[in-house]
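# Coordinates for the following, if possible.
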Amino acid sequence: MRRLLKRLARGPQVSESHAAEWQDRQHQQHVQPSPASVGNSTAFEYSPLRSPSSFRILKLRRPMTEGDVSYTGLSLQGSLVEASLDNPPKYFALSYTWGDPDPCDSITIDGKMLRITANCGSALRRMLRGKFERMIWVDSICINQANTPNALAERGAQVAMMDRIYSAAEQVNVHLGEGDAASDAACEALKSLVGPYLGAKLPGPQQETCRRKYESLADEILECTPEFPYGKLHGIFRLPWFMRVWVVQEVALGKSVMFYCGKHMMQLKTIVVAADFTRLPYSKLHSTAMSFHWKSYLDWHDTLQEFIRRIGEGEPPSSLGLTASSILLYPGPVYEATRPEDKVHGFYGICKRFGITLPTPDYQKPLSVVYTEAARAIINHDNSLEMLLSVNESSGWEQYGLPSWVPNLAGCMRRWSPSNPPHMVVGSTSKSRVSGASRYEYILEPQATRLMVKGRRLGVAVAVGLPWMTDASTNLIGGGAIQTGQYIGALIDCIGTWFDVAKSATPHGDEGTVLRAMTRAILLAHQVSTKASFTGAASLDFVVAYLSILVNVSKSGQNHNDRSTPLTLAAPHDKRWSFVTIGNYLLSLEMQQVIQQLFIAGWKTVFRIIGGPAENGEHLAIGSHSTKEDDLVVVFSGSPSAAVLRPYEDGFRYVGSAAVDGIMNGEFWDGGSERDDEWFTLI
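Sure, this is the predicted structure:
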């Protein structure tokens, strides 16, 4: 810990010349070179690599005639050097986002012109700030990007080597962009947190003073204001680099990682520590979701990097507790990729380090084959079907020809909306004992697209509420400029139907009994998620009290989405000083906390099942947003949750997982016998 803190305190270990700063002050005009500046150069053509271990490195040079030109106005030129990963020279690896795919910039390589994207050109110029030459690996230049069969074959082979390319580099340089006022404020905020954090961590007379300073800074940085609607850190984490799937591998495999954002440079650990308010921890951690949110942007990268370091020191991968499912499925809905197959190929190198075997990247395979092979690899490595907890009914069935049990990794949660519903469940796992002490039993024949699973029928869905359909574009996740409160309105729209479903299961119960039954069903969503169980101000009754307010609004029929004054959502005893306006709604602190705890039920619905061990033969459940009446609910042997299936042809389509009240501790399974077992064929 002390070594880490000292390293953070020292700041960046890569310096840039004072001459570069002087040059930039002398050249305030940011003149972008015209592609025509390369004259009439002929187009660059790639030569085939000579051996399987070969890769290209760009020898980037500042033009001799532009020694006093600001880096932003430099012409780009250099040469491609073929090297072997068996004995590589010293080089840096560049991590950036391709951005607009239109190649509107150019670089002269060995006297010939290669068209590149604007983002690539900007990143390369930033790498020349204060430098006359750089040996640098950049994927879009060092790998032939043509769509010819030979180029596609080379690309697959080079992608398979990327773990070695990034891990052999002296440093991975992350280019976030030229920056703006918002990113400058975010970078300054991150840097300002490190000193007080260090002082508060290390014992000594400064500890209490540093803790108070840290608290004060955290208050200021996390505060949502008209200038910073999501707090100051949004200025950096909104940048496209943090949303791309490839960058996870690029950071995790790097020996050293340096971030460049405009004039700012920061080490990976600086950002990781400063963005994680749980480390000290911040005293108001549970007062705002922002306290937890920002750590998620680099937490996975940093964790994987640490695991890879431990493997490099001789620790066996099996001791880390990682599964193929956790490595490949968690990032699926979180990150974006231009080519959907890269949701698998982008983790090939990391999986190799952890002893997980994936097929060699092949860009000539259909997407359905790539995803199905990945699903097979997950099942074979994990010897488990826990992968199914992440699968949701999706358009991939028809769009790509995917089997219903194969995770559809295409798309991203930042695009989810009522017109583009989720294709996967984020962060799904469970420690429930719904199937008792049984183990998974399944048949997955080589090359077949059907999965046979042993299980038992629980019942049939007979009443289904409306799903809680959120629109990512209206909030922080989807890049909304402000929080519109759409998710609150959507919850109000559906919670009345959830109450009706619960009432149909307890027709003779009073309103309080129905509300408690509904609330228990909603909170079951925590049992099939990596998120912690409900930790609100206390009991089930506390949650029931606030959900009753939402149910009353929902059942009142009033138009809550279009009002001239905000609709107040609070209990009579809530303190008004804690109220906050979100879109058309005025919420108390307690109501905010309850709704935040219910986020895990987003894109789910409450439904009633006929069948099972309950005295009245009925159960309430919460599950996939696409659950329909007459869907079959089963429990697979070994599974920690129930599953919703839909009869289709001579088998079943897998709809999604479900949590069912009254069976999560094995009541249904333990009350049955082997005579109840049957095989379900998932198509």
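
# Let me have the strand ranked longest in the chain in PDB, keeping just the CA atoms, if that works.
Across the chain, the strand with the greatest residue count (assigned by DSSP state E) is strand 451-464. Once side chains and other backbone atoms are set aside, the C-alpha atoms of strand 451-464 remain, and they are given as PDB (Å, rounded to 0.1, in the frame of the first residue of the first chain):
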ATOM      1  CA  LEU A 451     -28.800 -27.200 -25.500                       C
ATOM      2  CA  MET A 452     -30.600 -29.900 -23.500                       C
ATOM      3  CA  VAL A 453     -31.000 -29.100 -19.800                       C
ATOM      4  CA  LYS A 454     -32.500 -31.200 -17.000                       C
ATOM      5  CA  GLY A 455     -35.000 -29.500 -14.800                       C
ATOM      6  CA  ARG A 456     -38.500 -29.400 -13.300                       C
ATOM      7  CA  ARG A 457     -41.700 -27.600 -14.200                       C
ATOM      8  CA  LEU A 458     -42.800 -25.000 -11.600                       C
ATOM      9  CA  GLY A 459     -45.800 -23.500 -13.300                       C
ATOM     10  CA  VAL A 460     -47.200 -21.100 -16.000                       C
ATOM     11  CA  ALA A 461     -47.300 -17.300 -16.000                       C
ATOM     12  CA  VAL A 462     -51.000 -16.300 -15.900                       C
ATOM     13  CA  ALA A 463     -50.800 -12.500 -15.200                       C
ATOM     14  CA  VAL A 464     -48.000 -10.200 -16.200                       C
END
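
# Next, the buried residues of that strand.
Along strand 451-464, these residues count as buried under the neighbour rule (16 or more other C-beta atoms under 10 Å): 451, 453, 454, 455, 456, 457, 458, 459, 461, 462, 463, 464. C-beta: built from backbone N, CA, C; applies to glycine.

# And for stretch 304-312?
Those would be 304, 305, 307, 308, 311, for stretch 304-312 by 16+ other C-beta under 10 Å.

# again, but for stretch 597-608
Residues of stretch 597-608 classed as buried: 597, 598, 600, 601, 602, 603, 604, 605, 606, 607, 608 (neighbour count, 16+ other C-beta under 10 Å).

# Considering the buried residues of strand 451-464, which is situated nearest to residue 510?
The nearest member of the buried residues of strand 451-464 to residue 510, counting by C-beta to C-beta, is residue 463 at 19.4 Å.

# Which residue comes closest to that closest one once chain neighbours are left out?
With sequence-adjacent residues excluded and distances taken as C-beta to C-beta, 6 or more residues apart in numbering, residue 463 is closest to residue 608, at 4.2 Å.

# Please list the members of the buried residues of stretch 304-312 that lie in helices.
Counting by DSSP state H, the members of the buried residues of stretch 304-312 that fall within helices are 304, 305, 307, 308, 311.

# Reformat the residues you listed as TSV; add distance to residue 572 and pLDDT.
As requested, those are arranged in TSV below (distance: C-beta to C-beta, whole Å; pLDDT from 0 to 100):
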residue	distance to residue 572	pLDDT
304	49	95
305	50	95
307	51	95
308	54	94
311	57	94
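
# Of these, just say which sits nearest to residue 260.
Taking C-beta to C-beta as the measure, residue 260 lies nearest residue 305 of these, at 18.5 Å.

# Return the residues in contact with the nearest residue to that closest one once chain neighbours are set aside.
Of all residues beyond its chain neighbours, the one nearest residue 305 is residue 252 (4.6 Å), with distances taken as C-beta to C-beta, 6+ apart. Neighbour list for residue 252: 301, 304, 305, 308, 350 [criterion: C-beta atoms under 8 Å, 6 or more residues apart in numbering].

# next one: residue 637
435, 438, 439, 440, 441, 453, 454, 455, 456, 677.

# I'd say the fourth one and residue 385 touch.
The one in question is residue 440. Yes. A contact is recorded between residue 440 and residue 385 when judged using C-beta atoms under 8 Å, the distance being 5.0 Å.

# Can you check which residues contact both of these two?
453, 636, 638, 639.

# how about TSV for the residues you listed, with secondary structure and distance to residue 85 added?
What follows is the shared contacts of residue 440 and residue 385, written out as TSV (DSSP: H, G, I helix; E, B strand; the rest coil; distance: C-beta to C-beta, whole Å):
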residue	secondary structure	distance to residue 85
453	strand	42
636	strand	44
638	coil	42
639	coil	43
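
# Just the buried ones from the residues you listed?
For those, burial is judged from neighbour counts taken by 16+ other C-beta under 10 Å, and it is met by 453, 636, 638, 639.

# Residue 321: which of those is nearest?
Using C-beta to C-beta, the shortest approach to residue 321 within those belongs to residue 638, at 18.4 Å.
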